[in-house]
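>>> I would like the atomic coordinates for the input below:
(one chain, ligands or ions: 2)
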Amino acid sequence: MNNRYQWAQEQYAALGVDTEEAIERLKKVKISIHCWQGDDVSGFENSGELSGGIAATGNYPGKARTPQELMDDLDQALALIPGKHKISLHAMYAITGGQPVERNELKPEHFAPWVEYAKQRGLGLDFNPTYFSHPMAKDSLTLSSPDEKVRRYWIEHTKACRTIAEYFGKELGQTSVNNIWIPDGYKDIPADRLGPRRRLKESLDEIFSQKLDPNYIIDTVESKVFGIGLESYTVGSHEFYMNYAAKNGVLCLLDNGHFHPTEMVSDKIPSMLLFFDKLALHVSRPVRWDSDHVVIFDDELKEIAKEIVRCDALDRVLIALDYFDASINRVAAWVIGTRNMQRALLYALLQPSKKLRDMQENGDFTSVLALSEELKGYPFADVWDEFCARCGVPQREAWLEDVRRYEKDVLSKRG
Ligand code: RNT
Ligand code: ZN
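Numbers count the residues shown, from 1 in each chain. Ligands and ions are numbered 1, 2, ... in the order given. Have a look, this model is predicted:
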């Protein structure tokens with residue numbers, strides 16, 4: 001324990017905040033780290049272009065091209081991230097030994113090496129069916145397609161994926177989140193907004209008619225407001241999924257890039273928690289649009305973290321990351337975003353939440369504003385450094401040296 005930490009501990013104690021408790025609570029929080037930052041959402045199918053209205057821009061050298069490379073890169077990132085976490089996989093990361101396997105025929109065995117990887121490291125696994133970068137995603141329509149063959153294909157794919165997520169849950173002894181996000185939408189104003197949504201509803205009804213053990217799998221549905229080339233209409237809108245989830249016992253997943261720019265996910269968290277047992281998040285950073293920039297320690301991230309903590313919902317909000325920046329070192333991108341998510345949670349855990357709430361209840365908004373602003377100058381960074389030290393990872397920017405070494409020794413040698 002260093003002097004700076006002891007001094008910080010005293011400062012927070014004077015506010016009634018226990019830094020030791022904050023550190024212990026943060027240690028238990030698992031972040032679901034998205035594998036797709038490692039290869040610009042390419043996957044292992046050699047499918048060519050990324051489709052579905054999402055885009056990874058940049059061509060920083062050294063992206064992972066094989067399962068082994070992706071696992072190695074994840075290992076390097078995990079070594080610099082405090083705590084034990086989960087890895088979020090997409091179906092396109094199946095390991096099929098060079099044999100092409102149709103997505104509607106994917107089986108647990110195609111993910112056995114990932115399970116082995118996770119087991120050896122004590123990690124959990126989450127899952128996502130992949131409805132993009134595939135010829136059957138005809139005209140960017142999948143579960144809502146008017147073409148019955150297409151719709152069937154994606155229903156079968158989703159069923160296959162739920163079985164795989166259930167297998168993750170069983171094998172790893174940690175519930176696996178299976179998140180459905182489809183790209184379906186239209187570039188221009190549709191003539192029929194109802195039909196596609198009715199078809200999506202019917203597809204989901206069929207998918208969820210198969211009951212799986214909630215100890216192993218949690219189903220989530222991710223809404224969106226627009227995609228590139230799909231600007232005018234999104235079938236799976238927020239209203240659609242929020243109502244669907246509420247009536248069908250599945251959970252919503254809110255991606256903070258998927259709302260209008262002045263609409264904040266932080267504000268939605270308490271409302272969702274009043275009506276749902278759990279809530280899932282894709283924490284991202286939209287810059288003017290759903291750009292999926294690396295998560296930074298900005299106001300909205302802090303606000304999201306504060307809501308999770310104030311609602312006493314660290315075990316009810318399933319935090320996953322979702323961004324993909326191909327213009328910087330991809331291992332660094334993982335480390336920066338994940339550490340920032342944890343940093344924001346620590347910042348929130350160090351707030352005198354009860355004191356602030358009492359002030360609000362008493363109508364003392366002057367004190368709420370004054371204290372909230374002064375808290376920004378409290379020595380929370382010293383508590384963060386202590387947390388990193390106790391978790392055995394480098395403090396401050398020292399981690400970047402490791403990434404640079406890895407870049408020189410490994411990444412720069414990739415063709
Ligand atoms: C797309 C969604 C979705 C994807 C990943 C790759 O807008 O956010 O979650 O980013 O599934
Ligand atoms: Zn997302």
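
>>> tell me the contacts of V41?
50, 54, 56, 90, 133, 324 (C-beta atoms under 8 Å, 6 or more residues apart in numbering). Placement of C-beta: from N, CA and C, glycine included.

>>> what about 7 Å?
Contacts for V41 (C-beta atoms under 7 Å, 6 or more residues apart in numbering) come out as 50, 54, 56, 324.

>>> give me the number of residues near the first one?
Spelled out, that is L50. Using other C-beta atoms under 10 Å, L50 is surrounded by 17 other residues.

>>> before we move on, what about H282?
The local packing of H282 (other C-beta under 10 Å) involves 26 other residues.

>>> give me the below-cutoff pLDDT ranges for the stretch 1-150 of the chain.
1 (pLDDT under 70).

>>> for ligand 1, what are the nearby residues on it?
Residues of the stretch 1-150 of the chain lying near ligand 1 by C-beta under 6 Å from any ligand atom: 36, 41, 54, 128.

>>> how close does the residue in the stretch 101-250 of the chain that ligand 1 sits nearest to get to G52?
Of all residues in the stretch 101-250 of the chain, W181 sits closest to ligand 1, at 4.2 Å by C-beta to the nearest ligand atom. Applying C-beta to C-beta, to the nearest Å, the value for W181 to G52 is 9 Å.

>>> and what of A22?
39 Å.

>>> can you pull the contacts of W114?
Applying C-beta under 7 Å, 6+ apart, the residues contacting W114 are 89, 95, 125.

>>> where along the stretch 1-150 of the chain do the helices fall?
Using DSSP state H, counting those that start in this stretch, the helices found in the stretch 1-150 of the chain span residues 3-14, 19-27, 67-78, 112-121, 148-172.

>>> which parts of the third one are buried?
Along helix 67-78, these residues count as buried under the neighbour rule (16 or more other C-beta atoms under 10 Å): 67, 69-74, 76-78.

>>> and for the first one?
Residues of helix 3-14 classed as buried: 5, 8-9, 11-12 (neighbour count, 16+ other C-beta under 10 Å).

>>> okay, those residues in CSV with distance to L274 next?
Formatted as CSV, the buried residues of helix 3-14 follow (distance: C-beta to C-beta, whole Å):
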residue, distance to L274
Y5, 37
A8, 34
Q9, 34
Q11, 34
Y12, 30
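
>>> from the middle of its chain, how far away would stretch 130-150 be?
Mean-position distance between stretch 130-150 and its chain equals 24 Å (C-alpha atoms, centre = their mean, to the nearest Å).

>>> hmm, stretch 263-276 touching ligand 1?
No - with C-beta under 6 Å from any ligand atom as the criterion, ligand 1 is not reached by stretch 263-276; the gap is at least 12.4 Å.

>>> what average pLDDT does that stretch get?
The average pLDDT within stretch 263-276 is 98.

>>> give the buried residues for it.
264-266, 268-269, 272-273, 276.

>>> F127: what's it in contact with?
F127 neighbours (C-beta under 7 Å, 6+ apart): 89, 161, 164-165, 168, 176, 178.

>>> so what's it bridging to?
L89, N178 (DSSP bridges).

>>> who in the protein is up against ligand 2?
255, 282, 322 (C-beta under 5 Å from the ion).

>>> these two touch, right, the second one and A320?
Yes - applying C-beta atoms under 7 Å as the test, H282 and A320 come out as touching, 5.6 Å apart.

>>> burial count for A370?
12.

>>> and it, how far is that from K355?
The value you get for A370 to K355, if C-beta to C-beta is used, is 12 Å.

>>> from the buried residues of helix 3-14, which is closest to N46?
Distance to N46, by C-beta to C-beta, is smallest for Y5 among those, at 49.7 Å.
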